[in-house]
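# Build the 3D model from these lines:
(one chain, ligands or ions: 1)
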Amino acid sequence: MLTGKAVLITGGTGSFGQGFVRSVLARYKPARLVVFSRDEQKQYEMRARFSGAPMEYVLGDVRDYETVRRAFEGMSVIVHAAALKQVEAAEQNPQEAIKTNINGSANVVTAAAACRIQRVIEISTDKAVHPVNIYGATKFVADKIFVSAGFSVARLGNFSSRGSVVPYFRRLAAEGAAELPVTDARMTRFWLTLTQAVEFVLACLERMKGGEIFVPRVPSVRTVDIAKAAGPSLKVKIVGIRPGERLHEILLSAQESARALAFTGYYVVPPVVGASDYSTDAAGERGVPVKEPFEYSSETNDRFLTAADLRKQEDFI
Ligand SMILES: NC(=O)c1ccc[n+]([C@@H]2O[C@H](COP(=O)([O-])OP(=O)(O)OC[C@H]3O[C@@H](n4cnc5c(N)ncnc54)[C@H](OP(=O)(O)O)[C@@H]3O)[C@@H](O)[C@H]2O)c1
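Below you'll find the predicted structure:
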């Protein structure tokens, strides 16, 4: 599907971006594969990691419309993964989160429309559903900007990534900590591996009609089980919930579920306004309307992974 295409990923040096590039190079022969991000050091390190791969690197900030538009010229697929995504940092620097996550997303959408790019998808988060923090609120607006322009959104739960709790726990364990800090024993999260997150987005690129939000049907984990998986011999210390955090996440609100279509392994939320028919996917599967509106929450999910399940995942970093 990406063979012969010119593909650009904003935030390509991030955790998702590098996983995406690895899968694209393994499965397709894109005509061009472009990484767009700000920091030259991360690009330098990525060049070394992907040495010999047929890729291009563009330094630029999504806040700068002209740079984004120039980078998008001649592209056929855009994956927008660039974001400020640390909940606490966004709480403390709301205007920075607004500039990158909202204004930057608006620039991506305007440039993609100006360059007549057909396949454009934003990587979003469960924190954008009924947002309670600045990060979630800015991603909520970004999603609306994408959907209203007829572009698509892949809304993901947590995946093990740079700066996430898993490498943090691993580092504490390696440094000889006696206990791992968990904010609340009741806390739950949706959980995907990085590979699953990338596979899901690749499938969305194939299925997209434009204007829809894709929501994967994934298991939940208890954060205490993440700690047990990262440091099996360590005690768990409950340290209290942090600013902007919530106990459980929601991938699909009750309002969205009322118009959602259920497919094997994922939901599609059509836009509130829009004429496309979303009932059949690229593989020919027919989606079934969700009969009873429900909230798809990490707390009430019918599938939970245990610490042992997490340890078995190959990219549990
Ligand atoms: N990690 C998760 O669990 C998770 C879950 C759901 C959704 N998501 C979403 O998935 C996407 C990727 O997340 P991630 O975990 O891969 O994040 P990450 O590792 O922090 O990577 C973020 C990327 O964005 C780039 N970036 C940041 N600000 C930028 C700007 N103003 N202009 C251009 N590039 C910029 C960064 O590079 P530079 O700093 O060099 O610019 C980096 O390449 C985000 O949109 C996030 O909201 C993540």
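# Now the stretch 201-317 of the chain against the ligand: closest residue?
residue 201 (9.2 Å; CB to the nearest ligand atom). Where C-beta positions appear, they are placed from N, C-alpha and C, glycine not excepted.
# show me where pLDDT drops low in the stretch 201-317 of the chain?
Along the stretch 201-317 of the chain, segments meeting pLDDT under 70 span 317.
# If we use 90, what do you get?
230-233, 242-245, 272-277, 281-284, 291-292, 311-317 (pLDDT under 90).
# any chance you could map the helices in it?
223-230, 254-257, 307-312 (DSSP state H, counting those that start in this stretch).
# Up against the ligand, what does the protein have?
10-17, 37-39, 42, 61-63, 81-85, 100, 104, 123, 125, 139, 156, 158-159, 161-164 (CB under 6 Å from any ligand atom).
# Separate out the buried members of these.
Neighbour-count burial (16 or more other CB atoms under 10 Å) applied to the residues of the chain next to the ligand gives 10-17, 37-38, 42, 61-63, 81-85, 100, 104, 123, 125, 139, 156, 158-159, 161, 164.
# still on that earlier bit, separation between the closest residue in space to the residue of the stretch 201-317 of the chain closest to the ligand that isn't next to it in sequence and residue 208?
Distances taken as CB to CB, 6 or more residues apart in numbering put residue 154 closest to residue 201, at 4.9 Å, once the chain neighbours are dropped. Separation of residue 154 from residue 208 (CB to CB, to the nearest Å): 9 Å.
# Equivalent analysis for residue 125, please.
Counting by CB to CB - residue 125 and residue 208 are separated by 18 Å.
# Which strands or helices does the helix or strand hosting the residue nearest to residue 201 pack on?
Here residue 154, judged by DSSP states H and E, is contained in strand 152-156. The contact analysis (3 or more CB pairs under 8 Å, 6 or more residues apart in numbering; DSSP states H and E) places strand 152-156 against strand 119-125, helix 134-148, helix 194-207, strand 213-216.
# Can I get the second one in PDB, CA atoms only?
Going back to what we said before, that points to helix 134-148. C-alpha atoms of helix 134-148 as PDB (Å, rounded to 0.1, in the frame of the first residue of the first chain):
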ATOM      1  CA  ILE A 134      -4.000  20.400  28.700                       C
ATOM      2  CA  TYR A 135      -2.400  17.600  26.700                       C
ATOM      3  CA  GLY A 136      -5.800  15.900  26.200                       C
ATOM      4  CA  ALA A 137      -7.500  19.100  25.500                       C
ATOM      5  CA  THR A 138      -5.000  20.200  22.800                       C
ATOM      6  CA  LYS A 139      -5.200  16.700  21.200                       C
ATOM      7  CA  PHE A 140      -9.100  16.900  21.300                       C
ATOM      8  CA  VAL A 141      -8.900  20.100  19.300                       C
ATOM      9  CA  ALA A 142      -6.300  18.600  16.900                       C
ATOM     10  CA  ASP A 143      -8.600  15.700  16.300                       C
ATOM     11  CA  LYS A 144     -11.500  18.100  15.500                       C
ATOM     12  CA  ILE A 145      -9.200  20.000  13.100                       C
ATOM     13  CA  PHE A 146      -8.300  16.800  11.200                       C
ATOM     14  CA  VAL A 147     -11.800  15.400  11.100                       C
ATOM     15  CA  SER A 148     -13.400  18.700   9.900                       C
END
